[in-house]
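Student: attaching a predicted model along with its sequence, questions to come.
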Amino acid sequence: MSTTVPADPVPVLEKTGVGTARRFWSVRRVPAALLALLVLAGAGLLLYDVAAVRAGRPGMRWRRALADELATRPLDNLWVLIGAVVAIGLGVWLLVLAATPGLRAVLPMRRGEDPLRAGLGREAVEIVLRDRAMAVAGVQAVRVRARRRKAVVRAVSHFRELDDVRADLDDALRAGVGELDLARPPDLSVHVVRPARKG
(Lines give C-alpha, C1' and ligand atoms only; values in the text may rest on other atoms or scores of the structure.)
Protein backbone atom coordinates (compact mmCIF):
# COMPACT_ATOMS: atom_id res chain seq x y z
CA MET A 1 0.00 0.00 0.00
CA SER A 2 1.31 3.42 -0.83
CA THR A 3 0.12 6.98 -0.79
CA THR A 4 1.09 9.56 -3.36
CA VAL A 5 -0.52 12.97 -3.33
CA PRO A 6 0.94 15.89 -5.31
CA ALA A 7 2.19 18.48 -2.87
CA ASP A 8 1.23 22.12 -3.09
CA PRO A 9 3.88 24.31 -4.74
CA VAL A 10 6.50 25.55 -2.32
CA PRO A 11 5.92 29.28 -1.76
CA VAL A 12 8.64 31.53 -3.14
CA LEU A 13 9.86 34.04 -0.61
CA GLU A 14 9.89 37.67 -1.63
CA LYS A 15 13.23 38.87 -2.90
CA THR A 16 14.98 41.34 -0.66
CA GLY A 17 17.54 42.40 -3.24
CA VAL A 18 17.41 43.96 -6.64
CA GLY A 19 19.33 41.31 -8.58
CA THR A 20 17.80 38.21 -10.12
CA ALA A 21 19.25 34.82 -9.30
CA ARG A 22 20.19 33.14 -12.55
CA ARG A 23 21.99 29.89 -13.11
CA PHE A 24 25.74 29.81 -12.77
CA TRP A 25 27.78 29.64 -15.95
CA SER A 26 30.07 26.69 -16.44
CA VAL A 27 33.74 27.39 -17.13
CA ARG A 28 33.88 24.48 -19.60
CA ARG A 29 37.62 24.05 -19.43
CA VAL A 30 37.69 20.69 -21.24
CA PRO A 31 35.94 21.78 -24.48
CA ALA A 32 37.92 25.05 -24.50
CA ALA A 33 41.21 23.20 -23.97
CA LEU A 34 40.42 20.65 -26.69
CA LEU A 35 39.48 23.35 -29.17
CA ALA A 36 42.59 25.37 -28.31
CA LEU A 37 44.84 22.32 -28.73
CA LEU A 38 43.19 21.47 -32.06
CA VAL A 39 43.60 25.01 -33.38
CA LEU A 40 47.19 25.18 -32.10
CA ALA A 41 48.13 21.87 -33.72
CA GLY A 42 46.53 22.81 -37.05
CA ALA A 43 48.10 26.28 -37.08
CA GLY A 44 51.48 24.83 -36.16
CA LEU A 45 51.36 22.30 -39.00
CA LEU A 46 50.29 24.89 -41.58
CA LEU A 47 52.92 27.36 -40.38
CA TYR A 48 55.63 24.70 -40.60
CA ASP A 49 54.51 23.71 -44.10
CA VAL A 50 54.40 27.33 -45.31
CA ALA A 51 57.87 27.93 -43.87
CA ALA A 52 59.16 24.78 -45.57
CA VAL A 53 57.72 25.83 -48.95
CA ARG A 54 59.21 29.34 -48.56
CA ALA A 55 62.57 27.73 -47.83
CA GLY A 56 62.45 25.88 -51.18
CA ARG A 57 61.39 22.48 -49.89
CA PRO A 58 58.33 20.65 -51.23
CA GLY A 59 55.13 20.92 -49.24
CA MET A 60 53.97 18.12 -47.02
CA ARG A 61 52.54 15.17 -48.90
CA TRP A 62 49.29 15.08 -46.88
CA ARG A 63 48.57 18.75 -47.66
CA ARG A 64 49.17 18.28 -51.38
CA ALA A 65 47.02 15.14 -51.39
CA LEU A 66 44.28 16.95 -49.47
CA ALA A 67 44.37 19.90 -51.87
CA ASP A 68 44.14 17.52 -54.86
CA GLU A 69 41.22 15.62 -53.28
CA LEU A 70 39.32 18.82 -52.52
CA ALA A 71 39.93 20.08 -56.06
CA THR A 72 38.82 16.87 -57.80
CA ARG A 73 36.05 15.42 -55.60
CA PRO A 74 32.51 16.62 -56.36
CA LEU A 75 30.47 18.23 -53.60
CA ASP A 76 27.97 15.35 -53.51
CA ASN A 77 30.71 12.82 -52.71
CA LEU A 78 29.96 10.72 -49.60
CA TRP A 79 33.17 11.63 -47.75
CA VAL A 80 32.71 15.32 -48.47
CA LEU A 81 29.18 15.15 -47.08
CA ILE A 82 30.35 13.24 -44.00
CA GLY A 83 33.06 15.83 -43.36
CA ALA A 84 30.54 18.66 -43.75
CA VAL A 85 28.10 17.01 -41.32
CA VAL A 86 30.88 16.49 -38.74
CA ALA A 87 32.01 20.12 -39.10
CA ILE A 88 28.43 21.39 -38.74
CA GLY A 89 27.86 19.17 -35.70
CA LEU A 90 31.00 20.44 -33.99
CA GLY A 91 30.04 24.04 -34.78
CA VAL A 92 26.52 23.62 -33.38
CA TRP A 93 27.94 21.94 -30.26
CA LEU A 94 30.33 24.84 -29.67
CA LEU A 95 27.54 27.38 -30.22
CA VAL A 96 25.30 25.58 -27.72
CA LEU A 97 28.11 25.49 -25.17
CA ALA A 98 28.73 29.20 -25.69
CA ALA A 99 25.07 30.20 -25.40
CA THR A 100 23.93 28.05 -22.44
CA PRO A 101 24.95 28.47 -18.81
CA GLY A 102 25.44 24.84 -17.83
CA LEU A 103 26.13 23.90 -14.18
CA ARG A 104 22.75 22.25 -13.74
CA ALA A 105 23.96 20.65 -10.51
CA VAL A 106 24.17 24.04 -8.74
CA LEU A 107 20.89 25.60 -7.61
CA PRO A 108 21.17 29.39 -7.17
CA MET A 109 20.16 30.92 -3.85
CA ARG A 110 18.22 34.15 -3.38
CA ARG A 111 20.24 37.31 -3.81
CA GLY A 112 20.24 40.16 -1.34
CA GLU A 113 21.85 43.56 -1.49
CA ASP A 114 25.29 41.96 -1.50
CA PRO A 115 26.67 41.51 -5.06
CA LEU A 116 28.03 38.07 -4.12
CA ARG A 117 26.14 35.06 -5.46
CA ALA A 118 25.61 31.76 -3.69
CA GLY A 119 24.41 28.38 -4.79
CA LEU A 120 23.75 24.93 -3.39
CA GLY A 121 24.69 21.70 -5.05
CA ARG A 122 21.92 19.20 -5.66
CA GLU A 123 23.66 16.68 -3.44
CA ALA A 124 23.61 19.15 -0.52
CA VAL A 125 19.89 19.77 -1.08
CA GLU A 126 19.27 16.02 -1.13
CA ILE A 127 21.21 15.51 2.12
CA VAL A 128 19.31 18.30 3.92
CA LEU A 129 15.93 16.98 2.79
CA ARG A 130 16.87 13.41 3.65
CA ASP A 131 17.91 14.44 7.17
CA ARG A 132 14.65 16.35 7.59
CA ALA A 133 12.65 13.34 6.41
CA MET A 134 14.48 10.88 8.67
CA ALA A 135 13.52 13.02 11.69
CA VAL A 136 9.82 12.33 11.05
CA ALA A 137 8.32 9.63 13.27
CA GLY A 138 7.55 6.43 11.39
CA VAL A 139 10.08 6.94 8.57
CA GLN A 140 12.44 3.99 8.17
CA ALA A 141 14.30 4.92 4.98
CA VAL A 142 14.33 7.83 2.53
CA ARG A 143 15.59 8.43 -0.98
CA VAL A 144 15.69 11.99 -2.30
CA ARG A 145 16.25 13.07 -5.90
CA ALA A 146 16.59 16.83 -6.32
CA ARG A 147 16.30 18.51 -9.70
CA ARG A 148 16.14 22.16 -10.70
CA ARG A 149 12.36 22.36 -10.57
CA LYS A 150 11.30 19.31 -8.57
CA ALA A 151 12.41 17.25 -5.58
CA VAL A 152 11.14 13.67 -5.48
CA VAL A 153 11.13 12.07 -2.02
CA ARG A 154 10.44 8.35 -1.60
CA ALA A 155 10.05 7.24 2.01
CA VAL A 156 9.45 3.86 3.64
CA SER A 157 7.28 3.89 6.77
CA HIS A 158 7.24 0.88 9.08
CA PHE A 159 4.56 2.16 11.47
CA ARG A 160 1.88 4.84 11.73
CA GLU A 161 -0.73 5.53 9.09
CA LEU A 162 0.76 6.40 5.71
CA ASP A 163 -1.36 9.52 5.33
CA ASP A 164 -0.18 10.82 8.71
CA VAL A 165 3.46 10.12 7.87
CA ARG A 166 3.05 11.77 4.50
CA ALA A 167 1.45 14.88 6.02
CA ASP A 168 4.29 15.20 8.57
CA LEU A 169 6.85 14.60 5.83
CA ASP A 170 5.25 17.26 3.66
CA ASP A 171 5.38 19.82 6.49
CA ALA A 172 8.97 18.98 7.44
CA LEU A 173 10.22 19.02 3.85
CA ARG A 174 8.45 22.27 3.00
CA ALA A 175 10.09 23.87 6.04
CA GLY A 176 13.45 22.41 4.97
CA VAL A 177 13.12 23.74 1.42
CA GLY A 178 12.18 27.17 2.78
CA GLU A 179 15.27 27.27 5.01
CA LEU A 180 17.52 26.49 2.02
CA ASP A 181 16.70 29.99 0.70
CA LEU A 182 16.78 28.91 -2.94
CA ALA A 183 15.84 31.42 -5.61
CA ARG A 184 13.45 28.91 -7.18
CA PRO A 185 12.43 26.38 -4.53
CA PRO A 186 11.73 23.01 -6.16
CA ASP A 187 8.23 21.57 -6.03
CA LEU A 188 7.92 18.59 -3.70
CA SER A 189 6.64 15.17 -4.72
CA VAL A 190 6.41 12.89 -1.69
CA HIS A 191 5.77 9.14 -1.94
CA VAL A 192 5.32 6.95 1.17
CA VAL A 193 5.19 3.15 1.03
CA ARG A 194 5.34 0.23 3.42
CA PRO A 195 8.54 -1.85 3.55
CA ALA A 196 8.60 -4.84 1.23
CA ARG A 197 7.71 -8.11 2.87
CA LYS A 198 10.54 -10.59 3.17
CA GLY A 199 10.00 -14.13 1.96
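Tutor: Structure's in. What do you need?

Student: any idea which helix is longest in the protein?
Tutor: Criterion DSSP state H: the longest helix present in the chain is helix 29-54.

Student: got the angle between the helix or strand that comes right after it and helix 29-54?
Tutor: Tracing the chain C-terminally past helix 29-54 and defining elements by DSSP states H and E, one meets helix 61-72 next. Helix 61-72 and helix 29-54 meet at an angle of 90 degrees, taking axes from the mean of the first three to the mean of the last three CA atoms, to 10 degrees as the criterion.

Student: in helix 61-72, what's buried?
Tutor: With burial defined by 16 or more other CB atoms under 10 Å, not one residue of helix 61-72 is counted as buried. Where C-beta positions appear, they are placed from N, C-alpha and C, glycine not excepted.

Student: show residues contacting it.
Tutor: Applying CB atoms under 8 Å, 6 or more residues apart in numbering, the set of residues contacting helix 61-72 from outside is Leu46, Asp49, Pro58.

Student: tell me the contacts of the closest residue to the second one other than its chain neighbours?
Tutor: This points to Asp49. Counting by CB to CB, 6 or more residues apart in numbering, the nearest residue to Asp49 once its immediate chain neighbours are dropped is Met60, at 5.0 Å. For Met60, the set of contacting residues under the criterion of CB under 8 Å, 6+ apart consists of Leu45, Asp49, Ala52.

Student: repeat the analysis, applying 10 Å as the threshold.
Tutor: Shown here is Met60, whose contacts under the criterion CB atoms under 10 Å, 6 or more residues apart in numbering are Leu45, Leu46, Tyr48, Asp49, Ala52, Val53, Leu66.

Student: no more questions from me, cheers.
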